[in-house]
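1. Provide a 3D model corresponding to the input given below.
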Amino acid sequence: MSSVKGLSSALGAGAIFGVGLAVSGMTKPSKVVGFLDLFGAWDASLAFVMMGAIAVHLVAHRLVTRRASPLFDRRFHLPTRQDLDARLVLGAAIFGVGWALAGFCPGPALVSAASGSFAAIGFVAAMTVGIKVEHALSRSLLARAERRASKVPAPEAS
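-> A predicted model of the protein is given here:
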């Protein structure tokens, strides 16, 4: 999606998403913490925002995927893997812990950081460092696995 129309469409969708987060109050960590406080002052508003987002996505996904191709690309780029692996489970757990501790997930954190929130700016900085560390570790582990695979002698044919 390198066309100007495609990039403009992505920017517009991101802007709508950001405005929706701000209007719904999801850029406030207190909303997330309130939602996770099941046995205290529970705030169900995040659940309603999620249900609204899921409903819109279900309808939009069904309409869009009926098309032969997207408007601004040659093909749809949908995930094909359906398995669960340790990296996915560990990543989801780390994401959940970070979300619970900080009250931010990436989208609302970016919106809040753009508004000048120091807590959100710190979160985005830490998130960026975490992403860079994960990429470096993944490359290192992949390179190590490739070196090991190249040292293993091929089985002899009988």
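2. how about the helices of the chain, start to end?
-> Assigned by DSSP state H, the chain shows helices spanning 4-24, 29-36, 45-64, 86-102, 106-114, 118-151.
3. mean pLDDT, distance to residue 80 and mean neighbour count added to those helices, as CSV?
-> C-betas here are computed from N, CA, C, even on glycine. CSV is the format used below for the helices of the chain (pLDDT from 0 to 100; distance: least, CB to CB, whole Å; neighbours: other CB atoms under 10 Å):
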stretch, mean pLDDT, distance to residue 80, mean neighbour count
helix 4-24, 86, 22, 13
helix 29-36, 84, 31, 17
helix 45-64, 91, 16, 12
helix 86-102, 86, 14, 12
helix 106-114, 88, 23, 20
helix 118-151, 89, 19, 12
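4. closest to residue 78 out of those?
-> Closest approach to residue 78 among the helices of the chain (CB to CB): helix 45-64, 9.8 Å.
5. that older thread, can you say which of the helices of the chain is nearest to residue 79?
-> For the helices of the chain, the distance to residue 79 is smallest for helix 86-102, at 11.1 Å, taking CB to CB.
6. what does the pLDDT read for residue 71?
-> If you check residue 71, the pLDDT there is 83.
7. so who does it touch?
-> By CB atoms under 8 Å, 6 or more residues apart in numbering, the contact list for residue 71 reads 5, 9.
8. from residue 77, how far off is it?
-> From residue 71 over to residue 77 the distance is 13 Å, taken as CB to CB, to the nearest Å.
9. so who does the residue nearest the centre of the chain touch?
-> When CA atoms, centre = their mean is applied to the chain, the residue found nearest the centroid is residue 106 (6.7 Å). Neighbouring residues of residue 106 by CB under 8 Å, 6+ apart: residue 127.
10. what about it, distance to residue 131?
-> 10 Å.
11. re earlier: distance of the residue nearest to the centre of the chain from residue 134?
-> Counting by CB to CB, the gap from residue 106 to residue 134 is 14 Å.
12. same question for residue 12.
-> The gap separating residue 12 from residue 134 is 29 Å, by CB to CB.
13. for residue 32, same thing?
-> Distance, residue 32 to residue 134, using CB to CB: 23 Å.
14. can you list the domains in this protein?
-> 1-78, 83-153 (automatic domain parsing).
15. mind checking how far the shortest one is from the chain centre?
-> Relative to the mean C-alpha coordinate of its chain, domain 83-153 is positioned 10 Å out (CA atoms, centre = their mean, to the nearest Å).
16. tell me the contacts of the spatially closest residue to residue 5 that is not a sequence neighbour?
-> Counting by CB to CB, 6 or more residues apart in numbering, residue 5 lies nearest to residue 72, which is 5.1 Å off, once chain neighbours are set aside. Residues near residue 72 by CB under 8 Å, 6+ apart: 1, 3, 5-6, 9.
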